[in-house]
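> got a sequence here, can you model it:
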Amino acid sequence: MTDDTTTTTVSNRSEIVFAFDAVDANPNGNPLSGANRPRIDPVTEQAIVTDVRLKRYVRDQLEADGHGVYITSSRETGEYAKTRETMLKEAIGVTDPDDLSEDPFSGFLDNAADARYFGATLSIDTDDNEIVAAIEARDDFPDHLTGPVQFSPGKTLHPVERNEEYNSLTSVIGTDDEKQQGGFDLDDHRIKYGFVGFHGIVDANGAAETHLSEADVRRLDTVLWRALKNQTVSRSKKGQEPRLYLRVEYDSPEYHIGGLTHDLDVRGARAAGAETEPREFRTVRDVVVETETLLDRLADAAERIDTVHIVSDGVVEYDVGQWAGETSRDGRDDEAVGAEEFVTALGEAVGPDQVRTIDVYEEYEATLPGSE
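Numbers count the residues shown, from 1 in each chain. Coordinates of the predicted model:
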């Protein structure tokens with residue numbers, strides 16, 4: 001990657017594997033279920049997390065970091081909800097149509113980090129907004145942007161169990177006047193444990209349209225991780241933690257292996273000679289992530305890989321199979337290794353010089369507005 005990352009448009013395609021887990025949480029409720037129950041595949045019993053949910057976390061984190069965001073938080077509702085016209089006007093960054101630059105589209109992209117990543121719909125009603133009408137009158141302002149960063153819906157890598165103990169909670173409220181108590185029931189649906197895998201693509205061919213830069217992609221290396229840390233603090237979302245981030249950057253804008261998340265699997269940790277069954281998973285310490293197939297596929301494509309960028313939580317244990325080499329097998333599972341050993345195994349598969357370990361918080365500081 002070039003040192004001048006701020007303005008350099010992405011030149012290589014990347015493939016992303018992002019895994020996080022959820023303990024006694026509802027990682028993605030379904031409002032159409034009637035009680036916002038977790039989304040669960042009825043056949044495989046895997047929990048599902050939509051790409052829309054993941055992008056919302058990212059947008060909220062970008063906004064918290066001080067970056068401009070076009071699609072702001074949906075938490076503002078009713079009379080306080082922003083219209084799309086208002087959001088576009090704010091992203092352009094002017095209050096008077098006479099102040100529009102000669103290239104308002106570039107100004108919009110400079111001020112809307114989420115549009116650079118995920119694209120945007122820009123065809124809107126302009127009757128009541130002079131600034132938006134002036135923008136829409138220009139031939140160089142598109143109606144739609146296709147985002148170069150896209151994720152498939154995530155799924156747990158194993159069947160999950162619903163936590164029936166949380167299904168109905170009763171809240172008791174005391175009144176000041178008569179010192180009486182009244183109660184009402186609350187629906188509260190969660191899963192006991194889920195290890196979720198997401199697959200994503202950074203398409204260099206689409207990056208030019210949204211002005212996605214190398215610096216934006218480096219920011220993605222930290223923002224996904226921190227979004228799961230910082231944007232899951234509500235009562236039902238609490239209990240989610242990022243566990244693994246892999247961005248496989250290839251050496252061209254055209255090639256990627258595809259479906260790397262499908263090459264991950266999980267099994268139970270073998271404690272005292274017994275193996276925990278998937279339905280018995282309750283924390284990350286019950287899980288070993290099987291990565292041998294993933295490492296095999298990366299090794300087969302090593303000549304096409306520029307860099308593998310990685311963050312791993314130190315608690316996760318991996319089974320790397322034949323790629324273990326001389327790595328330590330300290331711990332309770334005689335076939336599992338830790339994060340450092342997994343990075344070593346990656347180096348064995350693709351070459352040690354092709355692996356970059358990401359320091360999330362150090363690199364986050366370098367991606368803040370004004371620091372680039």
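> domain parsing of this protein, as residue ranges.
1-50+153-157+191-372, 64-148 (automatic domain parsing).
> now L224. Nearest residue, chain neighbours left out?
Of all residues not flanking L224 in the chain, F18 sits nearest, at 5.7 Å (Cβ to Cβ, 6 or more residues apart in numbering). (Glycine included, C-beta is placed from N, CA and C.)
> who touches the one you found in this structure?
L54, F151, G154, G197, F198, G200, L224, P242, L244, Y245, L246 (Cβ atoms under 8 Å, 6 or more residues apart in numbering).
> what's the least confident stretch among the domains of the chain?
Between the domains of the chain, the one with the least mean pLDDT is domain 64-148; it has a mean of 75.
> and for the nearest residue to G351 once chain neighbours are set aside, the neighbour number?
Computed as Cβ to Cβ, 6+ apart, the closest residue to G351 that is not its neighbour in sequence is A302, at 6.3 Å. Neighbourhood size, A302 [other Cβ atoms under 10 Å]: 12.
> quick check, A302 in contact with D353.
No. Assessed by Cβ atoms under 8 Å, A302 is found out of contact with D353, at 11.3 Å.
> assign a three-state SS to the residue nearest to L224, would you?
Three-state assignment for F18 (DSSP: H, G, I helix; E, B strand; the rest coil): strand.
> dig out what it forms beta bridges with.
Per DSSP bridges, the residues bridged to F18 are F198, Y245.
> specify the local secondary structure of T344.
Of the three states, T344 takes helix according to three-state DSSP.
> can you report how many residues neighbour it?
21.
> now L88: how far from E341?
Look at L88 and E341: by Cβ to Cβ, to the nearest Å, they are 49 Å apart.
> no wait, Q322
Plainly put, Q322 is 14 Å away from E341 if you go by Cβ to Cβ.
> thinking again about what came up before, between the contacts of F18, which is nearest V289?
Nearest to V289 among those is L244, at 7.1 Å by Cβ to Cβ.
> who's in contact with V289?
Neighbours of V289 in contact, by Cβ under 8 Å, 6+ apart: A19, F195, R243, L244, L264, D265, V266, V316, E317, Y318, D319.
> quick one on the thing from earlier: ok, Q322 and E341, which is more surrounded?
In terms of neighbours (other Cβ under 10 Å), E341 is the more surrounded of Q322 and E341; the figures are 21 against 12.
> could you confirm the more buried one falls within a strand?
No. Using three-state DSSP, the assignment for E341 is helix, not a strand.
> in this structure it contacts D319, no?
No. The criterion here is Cβ under 8 Å, and E341 misses it with D319 at 10.7 Å.
> where do the helices sit along this structure?
Ranges of helices within the chain are 51-64, 84-92, 104-111, 113-118, 130-136, 204-210, 214-230, 292-300, 339-350, 360-365, based on DSSP state H.
> pick the most deeply packed of the ones you listed.
With neighbours taken as mean count of other Cβ atoms under 10 Å, the helices of the chain reach their highest mean count in helix 113-118, at a mean of 25.
> what's that one in contact with?
55, 58-59, 62, 67-71, 91, 108-109, 120, 145, 147-150, 210-213, 216, 219-220.
> check stretch 217-235 too.
Here stretch 217-235 makes contact (Cβ under 8 Å, 6+ apart) with 1, 5, 10, 14, 18, 20, 25, 54, 56-58, 60-62, 64-65, 113, 117, 149, 202, 237-242, 245, 247, 309, 311, 358, 360-361, 363-364, 367.
> dump the contacts of F18 to CSV, plus distance to D41.
CSV is the format used below for the contacts of F18 (distance: Cβ to Cβ, whole Å):
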residue, distance to D41
L54, 17
F151, 17
G154, 12
G197, 14
F198, 15
G200, 20
L224, 23
P242, 23
L244, 22
Y245, 24
L246, 24
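> on that earlier part again, out of the contacts of V289, who's the most crowded?
Among the contacts of V289, Y318 has the most neighbours (other Cβ under 10 Å), with 28 neighbours.
> residues contacting it?
By Cβ under 8 Å, 6+ apart, the contact set of Y318 is V288, V289, E290, T291, A336, V337, G338, A339, E341, F342, A345.
> sorry, back to before: for D51, see how far away the residue nearest to L224 is.
From F18 across to D51, the span is 11 Å (Cβ to Cβ).
> common neighbours of the two, please.
Residues touching both F18 and D51 (Cβ under 8 Å, 6+ apart): F151, G154, F198.
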